[in-house]
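Peer 1: would you be able to build a 3D model of this:
(3 chains)
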Amino acid sequence: MTMTVELDVVVEQPRRWALDPVLSVEHVSMRFGGLVAVNDLSFQAGRGDITALIGPNGAGKTTVFNCITGFYKPTQGMLNLRHASGDTFLLERMPDHKISAKARVARTFQNIRLFSGMTILENLLVAQHNPLMLASGMTILGVLGLPGYKRAEKEAIEKAKFWLEKTGLTARADDPAGDLPYGAQRRLEIARAMCTEPQLLCLDEPAAGLNPRESAELNTLLLDIRAMGQTSLLLIEHDMSVVMEISDHVVVLEYGVKISDGTPDEVRNDPRVIAAYLGVDDDEVAEVEEVLDDISEETAR
Amino acid sequence: MEIFLQQLINGITLGSIYGLIAIGYTMVFGIIGMVNFAHGDVFMVSAFIAMIFFLLFTTVLGISSVIVALILVMLIAMFLTGLLNWAIERVAYRPLRGSFRLAPLISAIGMSIVLSNFIQVAQGPRNKPLPPVLSGTITLMERNNFAATISYKQILIWVVTAVLLAGFWYVVQKTPLGRAQRACEQDRKMAALLGVNVDRTISLTFVMGAALAAVAGTLYLTYYGVVNFSDGFTPGVKAFTAAVLGGIGSLPGAVLGGLLIGLIETFWSGYFSIDYKDVAAFSILAIVLIFMPQGLLGRPEVEKV
Amino acid sequence: MAPGIATNGPGSSPGAAIRDAILAGVIALGIFGPLVGLKTEQNMQNELIITTRWGTVAIIVAIVIFGRFLLTTTIWPAIARRKASDAGPSRTSVAVKAGIARWFPPVGLVFLFVYPAIVVGLLGFQGSLKWVDNFGIQILIYVMLGWGLNIVVGLAGLLDLGYVAFYAVGAYAYALLATHFGLSFWILLPLAGILAALWGIMLGFPVLRLRGDYLAIVTLAFGEIIRLVLINFRELTNGSAGISSIPKITFFGLYSFDISAPNYVAKVFDLPMSSAYYKIFLYYLILLLALLTAFVTIRLRKLPVGRAWEALREDEIACRSLGINTTNTKLTAFALGAMFGGFAGSFFAARQGFVSPESFTFMESAVIVAIVVLGGMGSMIGVALAAVAMIGGTEILRELDFLKAVFGEGFDPDQYRMLFFGLAMVLVMIWKPRGFVSAREPTVFLTERKSISGSLVKEGHG
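Peer 2: Modelled structure (predicted):
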């Protein structure tokens, strides 16, 4: 009798995000030469959730993103993406462009990567490349000027207009993306990613460099995307006000290892997280990061 | 065996010349990330300078010792070619630094056209043959009427290359100039903030590359005894191949690459067909770049996302 | 850029400017003294002898001193002042530019179509030959090559230094198939294009993952390999001697331009015999081929594939994150550019009646790349203008016979053609590093079409 009671204590209830995960990261490791950037990481991102991936600089967050979006192949482990329809994709086996096109994972970049010499509208049309390519009959029908493509392009522009409206960029649709102020560039990158109709949107530090008002607008935009119900979000963020306010689930990394995983409140009170963030001074964290960067560059050579 | 030995000797000789030119490519690429397309033609101009002064010394001024004449010619060629490359950098590349990335490459291609056509106009389109100098040989091995020989010219080329590379290595590794160069290679902005005169360092890099090309030009002229205004392109591309093969940005790599290209070329001509020796060199360039873009001694490029 | 140069100058004091100019003169003396002053020539015994030309050296050094003085005292300060005074383009200059941009293409097009008529009207059939052939056809070939390469370099941002290989494939495809099998130009034109495109895919596939200058060098190597194979594969290509008596193009098989043929165009229409008819026919043919290139490019820019090319030039990693298959996108650009090169090549073979590897040296590739970059990457008008300026400009040098009166009988302006071409490349790059027309026209707009300043447009990684 006593034994079963003990078992009841040990076995946790499955967490909400484990019930229907859009993304399951299972035992993923990423090594660069001798440096272990991510070590045996497992976590799940629930469908319809905003999942935040936080941790001190150099903790391996962007490396995880690069593994999910196919820019790196993880040394070990599995990345399982499941659509609402039930289709599953093993991301570690797919080339990067297929991850976006087939598995429907979109991303933004820490240092914004827009097509700066193209207009904002053009940026959003490039994001709809694959459906438009089909509509243009792999270009051949398009060159001949058949009406089917015209219609598809009109629809694509409508979708772009929808996201321009959402991100407040309509007035600047015909301006080059490189001319936008920083905050607007961040929003445009999100709009561009959303134009691919992703199941999972990965945002790499979306609030970096934003002022408080822009940051609040970003929160609204992200909550709006979640409310639309098609897209789950995974974000890397340093701005704790964003993380604590909007995320449903927080995963904390330090030195490539997961140290905490739970709701914002649980994570906030986790002693290991407090130690990771407060145990060392900010300056020292920066130093550690530099050292790590040096090591990763050295080993990459 | 005799044929093998002979091809080995010829290959090392040719490879020394390629290696000397390749250093110019690799240093400029290392420091400003630009393929200095005109470098092959700078080499050709240096051979012309050497030819003119050799003629001046031997026929007009009557210097009878060939060795003295050659040493003087080499020093003058190094100086004037360095001056030329300094001027080229100043006029055609420096104004374009930090602008559109293709602009310096196009400017360098333009400069290459200017140099070869300038020589054609100034010195005429015909081959310039010199009377043979240092024509003696030493027989190393002989069997069945085929002798493997090494000529005095080849010995001269080996010795000069080795001495100059040693001196050059000392400059790059041990002097403040070399340190400034390596600093600029790593991070030009930071080097400037720390008080390195970046413009001057880059200029001196061009001068050093040109001086080594001038040594190669003089040796090329002594070895083949003839030079033509169109002689810059093919050795230039082959030396660039050597730089890439060794790992662009790496100085020992450039020399190693030069020797390998020289050996491949002579062995290919010796054992397969002389017709396709340039095809072999170009194919190696393509294959190396496709499968091993960091070269033999270079550092791999990491894609940052 | 101008302030950058201005800071190189030695300030405004005249003494410093004079010292600086004299220093430039000393350097010029060092460089030009031996190379120009001591001319080596072969005498009767085939020995090299030196003749001196100190007069020429003195002129060159004087020009350098005076030019440097003028630059530091007048030209650079003037440029710097103008840079400082106008904060942006004035409204009138923008309006003028917009007007030119609107009216230039149709006016230029009409001019191109009536050009042979004008020339014939002014100079008669015989007199028109040179102007239609050396200027019209010659320039249009380079316009077409420039537009074809523009797809690869200007739109997709892949620097291809071996474009001439595809030109050669097209030319040899026509030359060989027409001489061996007697096939007509109208069958071989598409075939040559397809062959060149296949070569483009074959060569492109392994190299397109390379970045930066490496791609440029590998394409250069492929260009040279193809030329060397053409020289050495004598059984097929007849080596350096080339292939001659390549048949002329017929007017869709209806009329021939061959004097001995029964349907020779002059016989059919009872005209006096002249080779001008063929030249005028060729002129319109290459004009239409070039316009086809332009039409297809303009159409493609507005299609997803064209936008993907430009996006690729801007940021390849972002493209991949948006699900664009960058390898296929690059290959289509490479293959399409190669196809137009192939078309131009088969036209070239038919026009010359003779092909040899000499016509497909690296220099040709460099000239075509120069036209694309000087024109302003991606701009059709800019590329056309650059072709006219560079090819037309150097062709005109052939015509400047009066220079003989100035420089003496031995002076051959033709020799200086490539020298000036190279100088022009360097000078245009320093003057306008982004080429003549650097602004980019957007492919689609919501409310208003605005040109995009060249400083925002990226040049691609290749």
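
Peer 1: contacts and neighbour counts: CA atoms only from here.
Peer 2: OK.

Peer 1: in the longest helix along chain A, what's buried?
Peer 2: Selection of the longest helix in chain A by residue count, based on DSSP state H, yields helix A:147-167. Under the neighbour-count criterion of 16 or more other Cα atoms under 10 Å in any protein chain shown, helix A:147-167 has A:149-150, A:152-153, A:156-157, A:159-161, A:163-164, A:166-167 buried.

Peer 1: quick check: the farthest pair among those residues?
Peer 2: Largest separation among the buried residues of helix A:147-167 by Cα to Cα: A:149 and A:167, giving 26.8 Å.

Peer 1: break the chain into its domains for me.
Peer 2: Picking chain A for this. The record's domain parsing of chain A by automatic domain parsing lists A:14-104+A:200-224+A:232-301, A:114-196.

Peer 1: hmm, no, I was thinking of chain C.
Peer 2: Using automatic domain parsing, chain C is parsed into the domains C:2-85, C:119-431.

Peer 1: give me whichever of those is most buried.
Peer 2: With neighbours defined as mean count of other Cα atoms under 10 Å in any protein chain shown, those peak in mean count at domain C:119-431, which reaches a mean of 21.

Peer 1: give me the mean pLDDT for the host helix or strand of residue C:221.
Peer 2: Mapping residue C:221 onto the secondary structure by DSSP states H and E places it in helix C:213-232. Per-residue pLDDT over helix C:213-232 has a mean of 87.

Peer 1: go on, stretch A:179-193?
Peer 2: 90.

Peer 1: again, but for stretch C:455-462
Peer 2: Across stretch C:455-462, the average pLDDT comes to 66.

Peer 1: any idea how far chain A is from whatever residue of chain C ends up closest to chain B?
Peer 2: Among the residues of chain C, residue C:422 lies closest to chain B, at 4.2 Å counting by Cα to the nearest Cα. Using Cα to the nearest Cα, to the nearest Å, one gets 30 Å for the distance from residue C:422 to chain A.

Peer 1: is stretch A:159-178 in proximity to chain C?
Peer 2: Yes: using Cα under 8 Å from any Cα of the partner chain, stretch A:159-178 reaches chain C at A:173, A:174, A:175, A:176, A:178.

Peer 1: present the residues you listed as CSV; the columns should include neighbour count, secondary structure and distance to residue B:277.
Peer 2: Output for these, formatted as CSV (neighbours: other Cα atoms under 10 Å in any protein chain shown; DSSP: H, G, I helix; E, B strand; the rest coil; distance: Cα to Cα, whole Å):
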residue, neighbour count, secondary structure, distance to residue B:277
A:173, 22, coil, 56
A:174, 23, coil, 55
A:175, 24, coil, 54
A:176, 26, strand, 50
A:178, 20, helix, 49
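
Peer 1: for residue A:107, which non-adjacent residue is closest in space?
Peer 2: Spatial nearest neighbour of residue A:107, chain neighbours left out: residue A:202 (4.5 Å); criterion: Cα to Cα, 6 or more residues apart in numbering or on different chains.

Peer 1: sort out which residues of the lengthiest helix in chain C are buried, please.
Peer 2: If you go by DSSP H, chain C has its longest helix at helix C:91-130. Residues of helix C:91-130 classed as buried: C:112, C:115, C:116, C:117, C:119, C:120, C:125, C:128, C:129 (neighbour count, 16+ other Cα under 10 Å).

Peer 1: now for the strand or helix carrying residue A:215, which elements pack on it?
Peer 2: Secondary structure from DSSP H and E places residue A:215 in helix A:212-228. Applying 3 or more Cα pairs under 8 Å, 6 or more residues apart in numbering or on different chains; DSSP states H and E, one finds that helix A:212-228 contacts helix A:240-246.

Peer 1: strand partners (parallel or antiparallel) of the next helix or strand after the helix it packs on?
Peer 2: Counting by DSSP H and E, the next helix or strand C-terminal to helix A:240-246 is strand A:249-254. Next to strand A:249-254 in the sheet, as set by DSSP bridges, lie strand A:50-54 (parallel), strand A:257-262 (antiparallel).

Peer 1: chain center to the longest one, what's the gap?
Peer 2: What separates the centre of strand A:257-262 from the centre of its chain is 18 Å, taken as Cα atoms, centre = their mean, to the nearest Å.

Peer 1: swap in stretch B:37-51?
Peer 2: Relative to its chain's centre, stretch B:37-51 lies at 9 Å (Cα atoms, centre = their mean).

Peer 1: do it and chain C meet at all?
Peer 2: Yes: on the criterion Cα under 8 Å from any Cα, stretch B:37-51 is in touch with chain C at B:48, B:49.

Peer 1: and the strands paired with strand A:249-254, which is most packed in?
Peer 2: Taking mean count of other Cα under 10 Å, strand A:50-54 is the most buried of the strands paired with strand A:249-254, at a mean of 27.

Peer 1: helix, strand, or coil at residue A:106?
Peer 2: At residue A:106 the chain is in strand, as set by DSSP: H, G, I helix; E, B strand; the rest coil.

Peer 1: what sits against it?
Peer 2: By Cα atoms under 8 Å, 6 or more residues apart in numbering or on different chains, the contact list for residue A:106 reads A:69, A:100, A:193, A:194, A:196, A:198, A:199, A:200, A:201, A:202, C:321, C:322.

Peer 1: top of these by neighbour count?
Peer 2: Highest neighbour count within the contacts of residue A:106, by other Cα atoms under 10 Å in any protein chain shown: residue C:322, with 31 neighbours.

Peer 1: I'd say it and residue A:193 touch.
Peer 2: Yes: here residue C:322 reaches residue A:193: they are 7.1 Å apart, a contact under Cα atoms under 8 Å.

Peer 1: show me what from the stretch 301-450 of chain C comes close to chain B.
Peer 2: Counting by Cα under 8 Å from any Cα, the stretch 301-450 of chain C sits next to chain B at C:317, C:366, C:370, C:373, C:415-416, C:418-427, C:429-430, C:433-434.

Peer 1: separation between the closest residue to residue A:230 other than its chain neighbours and residue A:19?
Peer 2: Counting by Cα to Cα, 6+ apart, residue A:230 lies nearest to residue A:199, which is 6.3 Å off, once chain neighbours are set aside. Applying Cα to Cα, to the nearest Å, the value for residue A:199 to residue A:19 is 17 Å.

Peer 1: equivalent analysis for residue B:164, please.
Peer 2: Taking Cα to Cα, one finds residue B:164 at 72 Å from residue A:19.

Peer 1: cool, residue B:181 as well?
Peer 2: Note on residue B:181: its distance to residue A:19, by Cα to Cα, is 59 Å.

Peer 1: so between these two, which is more surrounded?
Peer 2: Neighbours per residue, other Cα under 10 Å: of residue B:181 and residue A:19, the larger number sits with residue B:181, 26 against 12.

Peer 1: so that one makes contact with residue B:30?
Peer 2: No: checked against Cα under 8 Å, the pair residue B:181 and residue B:30 is beyond contact range at 9.1 Å.

Peer 1: how about the one helix or strand residue A:29 maps to: buried residues?
Peer 2: Applying DSSP H and E as the criterion places residue A:29 in strand A:21-32. By neighbour count on 16+ other Cα under 10 Å, the buried set for strand A:21-32 is A:21, A:22, A:23, A:24, A:25, A:26, A:27, A:28, A:29, A:30, A:31, A:32.

Peer 1: identify, from those, the entry nearest to residue B:57.
Peer 2: For the buried residues of strand A:21-32, the nearest to residue B:57 is residue A:32 (60.2 Å; Cα to Cα).

Peer 1: if that closest one is in a bridge, with which residues?
Peer 2: Residue A:32 forms beta bridges with residue A:35, as assigned by DSSP bridges.
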